[in-house]
Structures are given as C-alpha cells and as structure tokens.
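Colleague: pasting the sequence and the predicted model now:
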Amino acid sequence: MQTTESPPEDVPGPRLGRPRNARVQYLSTHPKYGVRQRIICSQGHNTLPNFIGRYFPRQDDPDIYDFYCASMLLLLKPWRDIATDLKSPE
C-alpha cells in the first residue's frame, strides 16, 4: 500500500473526475493528527524512490554488506520504531 499526504477536506456534493482515494488519519499521538491525512494510493499506482546523495550500497561488496542489509530493511520493511521493529531482541 502506498500513501501520500494531504490536508483534510470535506467537500460536499458530487465531484467531477475520477473517484477520490481513501484517506486515513495519523495516530492520535502524532503531531499531524487532525491537521493532515494520509492518502491511500489507487491499485496500480507506482512511486519510484529518488535517492539523493551518495550511491545506494551494493550487495556484492563485503566491506559494506552490513550497511546494505540495514538499508534494505529501512527501505522495504514497514516500521514505526527502529529499536523494536527492525532489530531482533538479541
């Protein structure tokens, strides 16, 4: 599921164009709760990441393999708290 951000909108009446995407609120403890919403993107919508700065680490370089693994986890595994969601208890 992909999401983007928008201010909350309550527009009464019929709308022109394509159907509006679903929106969800931030958690009540988040600073943007009640101010902004997340938009759930339509099926088939693709957003490509744009890496700015240094190169993205390569898997085949043994000197930076651990950095590569951490980068892949950060990019591809959903998480809210890095200490509990991306690391094992050991």
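Modeller: Perfect, I can see it now.
Colleague: where do the helices sit along the protein?
Modeller: Listed in chain order, the helices of the chain (DSSP state H) span 65-76, 82-85.
Colleague: export the longest one to PDB, keeping only CA atoms.
Modeller: Looking back up the chat, that one is helix 65-76. In PDB, the C-alpha atoms belonging to helix 65-76 read as follows (Å, rounded to 0.1, in the frame of the first residue of the first chain):
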ATOM      1  CA  TYR A  65      27.400  -5.700   3.300                       C
ATOM      2  CA  ASP A  66      26.000  -4.900   6.800                       C
ATOM      3  CA  PHE A  67      25.200  -1.300   5.600                       C
ATOM      4  CA  TYR A  68      23.500  -2.800   2.500                       C
ATOM      5  CA  CYS A  69      21.300  -5.100   4.800                       C
ATOM      6  CA  ALA A  70      20.400  -2.200   7.100                       C
ATOM      7  CA  SER A  71      19.500   0.000   4.000                       C
ATOM      8  CA  MET A  72      17.300  -2.800   2.600                       C
ATOM      9  CA  LEU A  73      15.500  -3.200   5.900                       C
ATOM     10  CA  LEU A  74      15.000   0.500   6.300                       C
ATOM     11  CA  LEU A  75      13.700   0.800   2.700                       C
ATOM     12  CA  LEU A  76      11.500  -2.300   2.400                       C
END
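Colleague: any idea how far residue 19 is from residue 40?
Modeller: The spacing between residue 40 and residue 19, counted by C-beta to C-beta, to the nearest Å, is 12 Å. (Glycine included, C-beta is placed from N, CA and C.)
Colleague: the residue nearest to residue 79 when sequence neighbours are not counted: neighbour count?
Modeller: Leaving aside its sequence neighbours, residue 79 sits nearest to residue 85 (C-beta to C-beta, 6 or more residues apart in numbering; 3.8 Å). Look at residue 85: counted by other C-beta atoms under 10 Å, it has 11 neighbours.
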